[in-house]
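J.: Kindly generate the corresponding structure for this input.
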Amino acid sequence: AVVSTQSTGSRGPKGELDKVRMYECCDAGDGAMGCSIATGHVFQVAYLNRDWREYLRTRKRPDHAPGVYALDCEMAYTAGGMELVRVTIVDMYGKQALDMLVQPPHRILDYNTKYSGISAETLRNVEHSLEDAQHAVCRIISAESYIIGHSLESDLHALKMIHKNVVDTSVVYYGGGYKRGLAALSAETLGRIIQQDEGGHDSTEDAIAALDLMKKKLKVTDNVRIT
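T.: Numbering: from 1, shown residues only. Here you go, the predicted structure:
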């Protein structure tokens, strides 16, 4: 778990702010019992340590209308790090264009069900590979398409894809020195509660929320209406 240092709001004898170490996942104090239990340790591979030769770049397609889409992925912890298990794309009207479950190439260590919504049963008969998912995405999205999402770097790394036209709501709505979570932004900006299902997140729900956040921002700041 990630531990961060946060201010308590009170000051010490020399006027300095008192600080306490907290787990970012549940805001429990450093040294508290874990908020979840796993059968083993999991890890992520740092972006800079990845083999970029494995990444697929979206291609120009003169005969293809670029379009605007929202994308969200779900990932699980595997022996190869954090890997793709689901990819969802919706069009600018919120209609689902792709929803594919993916069998990662490495052994799964933790399905990350609390966040991914994926379990062993979900993937039991799934045969789609990462390469299948990449090709499916490229049938919908060309190099000229615009992709909307929240913290898109995570999704594109999970897909092992490179795409230049991105609109990231975590950057558009950046404020207070940190990225806002999608659920908090959805509740505050759209009045919509998401990510409350005990079975985990829904990538379709998250993609639509990111899409609608961007529509809201455009309407409010630029007087642009997306229809």
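
J.: Quick check: Leu98 is in a strand.
T.: Yes: with DSSP: H, G, I helix; E, B strand; the rest coil as the criterion, Leu98 is located in a strand.

J.: Who is it paired with across the strands?
T.: Ile89 (DSSP bridges).

J.: Name the residues of stretch 129-143 that are buried.
T.: Of the residues in stretch 129-143, 130, 133-134, 136-138, 141-143 count as buried by neighbour count, 16 or more other Cβ atoms under 10 Å. (Glycine included, C-beta is placed from N, CA and C.)

J.: Using the three-state scheme, assign Val171.
T.: helix.

J.: Likewise for Asp212?
T.: helix.

J.: What of Cys73?
T.: strand.

J.: Closest one to Asp110 out of the buried residues of stretch 129-143, please.
T.: Leu130 (18.3 Å; Cβ to Cβ).

J.: where exactly do the helices run in this protein?
T.: 113-116, 130-140, 152-159, 169-172, 182-185, 203-221 (DSSP state H).

J.: which one of the ones you listed lies closest to Val68?
T.: Per Cβ to Cβ, nearest to Val68 of the helices of the chain: helix 203-221, 8.4 Å.

J.: any idea how far the closest one is from the chain center?
T.: 14 Å (Cα atoms, centre = their mean, to the nearest Å).

J.: cool, and stretch 95-115?
T.: 12 Å.

J.: Could you export that stretch as PDB, CA atoms only?
T.: C-alpha atoms of stretch 95-115 as PDB (Å, rounded to 0.1, in the frame of the first residue of the first chain):
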ATOM      1  CA  LYS A  95     -23.300   4.000 -26.700                       C
ATOM      2  CA  GLN A  96     -21.100   1.000 -26.200                       C
ATOM      3  CA  ALA A  97     -18.700   0.400 -29.100                       C
ATOM      4  CA  LEU A  98     -16.600  -2.300 -27.500                       C
ATOM      5  CA  ASP A  99     -16.600  -4.300 -24.300                       C
ATOM      6  CA  MET A 100     -14.100  -7.100 -24.300                       C
ATOM      7  CA  LEU A 101     -12.800  -9.300 -21.500                       C
ATOM      8  CA  VAL A 102      -9.100 -10.200 -21.900                       C
ATOM      9  CA  GLN A 103      -7.100 -13.200 -20.600                       C
ATOM     10  CA  PRO A 104      -3.700 -11.700 -19.500                       C
ATOM     11  CA  PRO A 105      -0.500 -13.500 -20.700                       C
ATOM     12  CA  HIS A 106       0.800 -14.000 -17.200                       C
ATOM     13  CA  ARG A 107      -0.600 -15.900 -14.200                       C
ATOM     14  CA  ILE A 108      -3.000 -13.800 -12.200                       C
ATOM     15  CA  LEU A 109      -1.900 -13.100  -8.600                       C
ATOM     16  CA  ASP A 110      -4.800 -10.900  -7.500                       C
ATOM     17  CA  TYR A 111      -8.000 -10.200  -9.600                       C
ATOM     18  CA  ASN A 112      -8.200  -6.800  -7.900                       C
ATOM     19  CA  THR A 113     -12.000  -7.400  -7.800                       C
ATOM     20  CA  LYS A 114     -12.700  -4.500  -5.500                       C
ATOM     21  CA  TYR A 115     -11.700  -2.100  -8.300                       C
END
